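> From the sequence below, what's the structure:
(one chain, ligands or ions: 1)
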Amino acid sequence: MPDATPLDRIHRAGVLPVIALPRVEVAVPLLEALAAAGLDCAEITLRTAAGVDAIRRARKALPGVLVGAGTVLTAAQAEEALDAGAQFVVTPGFMPRVTAVCLERQVPIFPGVMTPTEIGMALDAGLTNLKFFPSEAAGGIATLRALSGPFPQVRFMPSGGISPENLASYLREPIVVSVGGSWMVTKELIEAADWATVRALAARAVEIVRGVRGAS
Ligand code: 3PG
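As a prediction, the model looks like this:
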């Protein structure tokens, strides 16, 4: 679906892998393993020095995969990530300068929020699809439901502490667009280049998404 927006694609996937890459070289095999399981979108974080180059490499090698930049903390990082081809940006909190760069360059941004004040700041910037982070530590689904009372226009991408065990319960919430998580792309799996396990965990995540939403 070439006309689908990044948000459409993230929503359709139901799960957004949050990735910290130790080396640029592992980006392509890792994203290939995810895509083979049916997860064709990923957030490559700038938590490691390899992040920006990994985004560039993934965009070149895997045009069918939606690649975003995560943990973008400064305007300079946002510019670098977008220059490398990031198709969307995720931030752990509401970052006004990063947000300004993304709005200016017309690239979707999903800022992290945890409180009504932060949601208000994101709404002021015209954003209604927000990352809820760190979800489990911040009260999980009960907190999300409480936040959606005064903010019915907001849809959330919860992330932080989500696993195959609680994934379905998040996906059943109508205010949840998609769920972020690193359980299928852990440091250990990436370091071991265990792409078979990455693929199996991603396939299980896809199965859970389909179980909740029905096959599409
Ligand atoms: C994120 O930035 O979204 C989180 O680090 C992902 O959380 P998890 O590692 O607990 O899945």
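> Not counting the helix of greatest length in the chain itself, show me its contacts.
Identified as the longest helix of the chain according to DSSP state H is helix 195-213. Defining contact as C-beta atoms under 8 Å, 6 or more residues apart in numbering, one finds that helix 195-213 is touched by 13-15, 17, 29-30, 32-34, 36-39, 164, 167-168, 171-172, 183-185, 189-190, 216. C-betas here are computed from N, CA, C, even on glycine.
> Can I have the buried ones of these as a ChimeraX selection?
Filtering the contacts of helix 195-213 down to the buried ones (16 or more other C-beta atoms under 10 Å) takes a single ChimeraX command:
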select :13,14,15,17,30,32,33,34,37,38,39,167,171,183,184,185,189,190
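> Give me the subset of the contacts of helix 195-213 that lies in strands.
Counted as lying in strands by DSSP state E, out of those, are Val15, Pro17.
> Could you list which of the contacts of helix 195-213 also contact the ligand?
Trp183 (C-beta under 6 Å from any ligand atom).
> quick one on the thing from earlier: dump the longest helix of the chain to CSV, keeping only the CA atoms.
Extracted C-alpha coordinates of helix 195-213, given in CSV (Å, rounded to 0.1, in the frame of the first residue of the first chain):
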residue,chain,number,x,y,z
TRP,A,195,17.8,-13.9,13.7
ALA,A,196,15.8,-17.1,13.9
THR,A,197,14.6,-16.2,17.5
VAL,A,198,14.0,-12.6,16.5
ARG,A,199,11.8,-13.9,13.6
ALA,A,200,10.0,-16.3,15.9
LEU,A,201,9.3,-13.7,18.5
ALA,A,202,8.1,-11.2,15.8
ALA,A,203,5.9,-13.9,14.3
ARG,A,204,4.3,-14.5,17.7
ALA,A,205,3.7,-10.7,18.1
VAL,A,206,2.0,-10.6,14.7
GLU,A,207,-0.1,-13.6,15.7
ILE,A,208,-1.2,-11.8,18.9
VAL,A,209,-2.1,-8.7,16.9
ARG,A,210,-4.2,-10.8,14.5
GLY,A,211,-5.8,-12.6,17.4
VAL,A,212,-7.0,-9.3,18.8
ARG,A,213,-7.9,-7.5,15.5
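> Is there proximity between it and the ligand?
No: Helix 195-213 is not in contact with the ligand by C-beta under 6 Å from any ligand atom; minimum separation 11.5 Å.
> List the buried residues of that helix.
Trp195, Val198, Arg199, Leu201, Ala202, Ala203, Ala205, Val206, Ile208, Val209.
> how many other residues sit next to Asp83?
By other C-beta atoms under 10 Å, the residues close to Asp83 number 12.
> And the one 10 residues further on, by the same measure?
Counted with other C-beta under 10 Å, the neighbours of Gly93 add up to 15.
> Thank you kindly, that will do.
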